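J.: Below are the sequence and a predicted model; questions follow.
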Amino acid sequence: MHASSAHAAPPPSGRRGRLALILAAVLSAGIALYAVPPYLLPGVEPRIEIREDLAVHLPLLVVHAATGGIALLLGPLQFSGGVRRRHPGVHRLIGRAYLLVGVLPSALTGILVAALSLAGPLAMAAFIVLDILWLHSARRAYSAARERDFAAHERWMLRNMAFTFAAVTLRACLGLYIAAQLPLLQSAYGGEFERLFAVAYTAAAVSSVAFNWLFIEIYLRRKGSHGNVAVVKRTPEVEAPM
C-alpha cells in the first residue's frame, strides 16, 4: 500500500510522538485481545446482543471483530519511522495487510452488523457513519500513494487510523459513561442496569466517532499550520505501491 520511505512524509518525531505511538499500539493491542476472543473461542458468549432471528448476524460479527482486531494490531506499526526508513518493503506489506485483511472486510461487514444492531437507531447510525468514513479514508490514502502524493497519503492514513482507534475510544467512553451514571441507577433507571447500559452504549458509540474525527482534524490542521506536513513531489523512479 505504501511506497518508498525516502519520499514519504515524515512520521511524528520526537519523544512525544514516540510515546504517543507506543501508547496507541498498547491500547489497540489490548482492545483487540479483549474484544476479539469472545467471537472466536467456542463456549464464550459474545459481548454484543445477537439477533436470534437472523442466523447471519453472528458470522458477520465474527468476521467484523476478527478483521477489526487485525487492523488494530497492524495500524500503529505503519507509523513506525524506523520500519518505514530501514525496511520499506515491510512497511508496504504491513500497509497492504492492514487495508485488505483488516480495514476493508471489517468496515464492509461492520455496515451490515450496524444495520442489524439491537442498540438503537443512534448507535446504528454512528457505526454506519464510522464504517463509511473508515472505507473512504482508506480509499483516499491508497489513491494518494498510487499517485505518489505521500504527504496526502500520510494525512489520510492518520485519519484512517483515527477511525480504527474508535474501537478503543468506544470502550473508554462506555466505562466512563457507566461510572458517571451509577449514582442515578435507582433514581433515573429504577435499578435497571440494562437501561443505564443502553444509554451509556449509545452515547459511547456517538462519542467514539465524533471525538476521534474531531481530534484528528484538529491535529492535522495544527500540524499543517506549523509547517510539519511535507510537500512531496511525485517521482517516477519510486516503486508504485501495491
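T.: The structure has been received and is ready for your questions. In this text the structure is predicted, and so the values were computed from the model without any measurement. Numbers count the residues shown, from 1 in each chain.
J.: residue with max distance from the center of the protein?
T.: Within the chain, the residue lying farthest from the chain centre (C-alpha atoms, centre = their mean) is Ser187, at 36.2 Å.
J.: All the helices of the chain, residue numbers only.
T.: Ranges of helices within the chain are 14-35, 37-40, 57-74, 81-86, 88-97, 104-115, 121-146, 150-164, 166-181, 185-189, 193-225, based on DSSP state H.
J.: Quick test: name the residue nearest the centre of the protein.
T.: Thr164 (0.3 Å).
J.: got any ranges where this protein has weak pLDDT?
T.: 1-14, 43-46, 225-242 (pLDDT under 70).
J.: Mind doing that once more with 80?
T.: 1-14, 41-49, 52, 224-242 (pLDDT under 80).
J.: Who are the contact partners of Asn160?
T.: 75, 103, 134, 137-138, 141 (C-beta atoms under 8 Å, 6 or more residues apart in numbering). Every residue, glycine included, has its C-beta placed from N, CA and C.
J.: could I get these as JSON lines with distance to Cys173 and neighbour count?
T.: Shown next, in JSON lines, are these (distance: C-beta to C-beta, whole Å; neighbours: other C-beta atoms under 10 Å):
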{"residue": "Gly75", "distance to Cys173": "19", "neighbour count": "25"}
{"residue": "Val103", "distance to Cys173": "22", "neighbour count": "29"}
{"residue": "Trp134", "distance to Cys173": "18", "neighbour count": "26"}
{"residue": "Ser137", "distance to Cys173": "21", "neighbour count": "23"}
{"residue": "Ala138", "distance to Cys173": "24", "neighbour count": "25"}
{"residue": "Ala141", "distance to Cys173": "26", "neighbour count": "26"}
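J.: and which of the residues you listed is nearest Arg155?
T.: Ala141 (8.3 Å; C-beta to C-beta).
J.: Is it correct that that closest one is in contact with Met161?
T.: No. With contact defined as C-beta atoms under 8 Å, Ala141 does not count as touching Met161 (9.6 Å).
J.: Give me the nearest residue to Val129, chain neighbours excluded.
T.: Val209 (5.9 Å; C-beta to C-beta, 6 or more residues apart in numbering).
J.: count of neighbours near that neighbour?
T.: 22 (other C-beta atoms under 10 Å).
J.: Same question for Val26.
T.: Val26, neighbours per other C-beta under 10 Å, totals 11.
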